[in-house]
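Visitor: The following block contains a protein sequence and its predicted model.
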Amino acid sequence: MPFLEVDAAYTSQRCPRCGHTERANRSDRDRFRCRRCGLAGPADVVAGVNVRNRARSAWVFVTAPAPSL
């Protein structure tokens, strides 16, 4: 099973739909609501989606073939 470590900073404050990051997006511990686009849901689920998206983005670089010189 491959393992990839990603930075989890601001994942609970960043909207996975529009990318807006703001402390006010997470008004309390359990709820997330984007101040820009209105996406709402459980804060832990939103953070998990953001971590997954970061890992997918990083995976492209890990698995890409080395450039030939």
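Guide: Cool, the structure landed.

Visitor: centroid residue for this protein?
Guide: Closest to where the C-alpha atoms of the chain average out (Cα atoms, centre = their mean) is N50, at 1.7 Å.

Visitor: What helices and strands are in contact with the host helix or strand of that residue?
Guide: Assessed by DSSP states H and E, N50 sits inside helix 43-63. With contacts defined as 3 or more Cβ pairs under 8 Å, 6 or more residues apart in numbering; DSSP states H and E, helix 43-63 has these neighbours: strand 31-33. C-betas here are computed from N, CA, C, even on glycine.

Visitor: worst-scoring helix or strand of the chain, pLDDT-wise?
Guide: Here the helix or strand of the chain ranked lowest by mean pLDDT, DSSP states H and E is helix 43-63, holding a mean of 90.

Visitor: What lies in contact with stretch 3-19?
Guide: Identification of contacts with stretch 3-19 by Cβ atoms under 8 Å, 6 or more residues apart in numbering yields 20-23, 25-26, 32, 34, 36-37, 39, 43-44, 46-47, 49-51, 53-55, 58-59, 62.

Visitor: From those, keep the buried residues only.
Guide: 21, 25-26, 32, 34, 43, 46-47, 49-51, 54 (16 or more other Cβ atoms under 10 Å).

Visitor: follow-up on the earlier one: state the pLDDT value of the closest residue to the residue nearest to the centre of the chain other than its chain neighbours.
Guide: Excluding its sequence neighbours, the residue lying closest to N50 (Cβ to Cβ, 6 or more residues apart in numbering) is T11, at 3.9 Å. As predicted, T11 sits at a pLDDT of 96.

Visitor: From V51, how far off is the closest residue to V46 other than its chain neighbours?
Guide: Nearest residue to V46, sequence neighbours excluded (Cβ to Cβ, 6+ apart): F32, at 4.3 Å. Look at F32 and V51: by Cβ to Cβ, to the nearest Å, they are 14 Å apart.

Visitor: swap in R14?
Guide: As judged by Cβ to Cβ, R14 and V51 stand 10 Å apart.

Visitor: quick one: stretch 61-69 to chain centroid distance?
Guide: 24 Å (Cα atoms, centre = their mean, to the nearest Å).
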